[in-house]
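Trainee: Quick one, fold the following:
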Amino acid sequence: MRAEERPEDRVTADEARSAARVLVVEDEKELASMLARLLSDEGYDVDVAADGQAGLHRGLTRRYDVLVLDRGLPGIEGLDLLQRLRRRGIRAPALMLTAYDTVPERVDGLDGGAQDYLGKPFDVDELLARLRALVRRADPADESEVIDLGERSLDLGSRCVVGGDAEVALSEREADLLRTLAGRPTRVFTREELRSRVFSEAEGEGVVETYVSYLRRKLGPDAVRTVRGIGYRMGKV
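Mentor: Sure thing, here's the model as predicted:
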């Protein structure tokens, strides 16, 4: 046990880490490997991406508890990556790493959606302490939110539509699409809006139509309404 930790802090950290999933986006291979080993040894479930585009795909296709993002990434710069994730509803706390630890840089990062900032080179114990703090501050209510669909509801924690005589399990992408439509049920979303909000840019031109079809198959043909020449809106589930 480290000297600065109290026993009750240690228990909380271990409990928080037990299921915590971390996405590390870092293009320096040695540093990325070191972080993956370090965090895995600490009990985290770690994914690593080597550039901004890969990080965007990872961040949109799996749910993470904490994001660790390098500021100077190839493909999509770290702050741009974070802002893209935030626009698509990804709310996991983010720790930004940077080789240029100046006040303006930190201000830009915090204003851009990061919860914490750490300059390179960094102390390992400090990094781990900051990650523990971010895991503790992650809002568990996001995982258990229930969205009213009328006669039924969408439980985001279990990704199930409940009510009536049956419980329907959805994939993560199906649940994200339904959540977006149900969040503003009278609005007509264009295909491009849905693609940018819900899906990765790498998932293909027809991905929206594909997942609309999946939702209709599982929830009924009226679950999503087509508005000719515009896009889709929430239907009757």
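Trainee: middle-most residue in the chain, spatially?
Mentor: Residue closest to the mean C-alpha point of the chain, counted by C-alpha atoms, centre = their mean, is Ile90 at 3.7 Å.
Trainee: Find the nearest non-adjacent residue to that one, please.
Mentor: Leaving aside its chain neighbours, Ile90 sits nearest to Gly59 (5.7 Å; criterion: C-beta to C-beta, 6 or more residues apart in numbering). Using the backbone N, CA and C atoms, a C-beta is placed for each residue, glycine as well.
Trainee: would that neighbour count as being in a helix?
Mentor: Yes: assessed by DSSP: H, G, I helix; E, B strand; the rest coil, Gly59 belongs to a helix.
Trainee: who touches it in this structure?
Mentor: 23, 67, 81, 85, 90 (C-beta atoms under 8 Å, 6 or more residues apart in numbering).
Trainee: Help me confirm that Arg91 is found in a helix?
Mentor: No: secondary structure of Arg91 (three-state DSSP): coil, not part of a helix.
Trainee: Gln53 and Thr210: what is the separation?
Mentor: 21 Å (C-beta to C-beta, to the nearest Å).
Trainee: Also Glu174?
Mentor: Taking C-beta to C-beta, one finds Glu174 at 10 Å from Thr210.
Trainee: next one: Leu81
Mentor: Plainly put, Leu81 is 25 Å away from Thr210 if you go by C-beta to C-beta.
Trainee: For these two, indicate the residue with more neighbours.
Mentor: Neighbour count, other C-beta atoms under 10 Å: between Leu81 and Thr210, Leu81 has more, with 26 against 12.
Trainee: In contact with the residue nearest to the more buried one when sequence neighbours are not counted, which residues are there?
Mentor: Take Leu81 and drop its neighbours on the chain: the residue closest to it by C-beta to C-beta, 6+ apart is Gly52, 4.6 Å away. If a contact means C-beta under 8 Å, 6+ apart, then Gly52 has 25, 73-78, 80-81 as its contacts.
Trainee: switch the cut-off to 6 Å
Mentor: Taking C-beta atoms under 6 Å, 6 or more residues apart in numbering, we find Gly52 in contact with 73, 75-76, 81.
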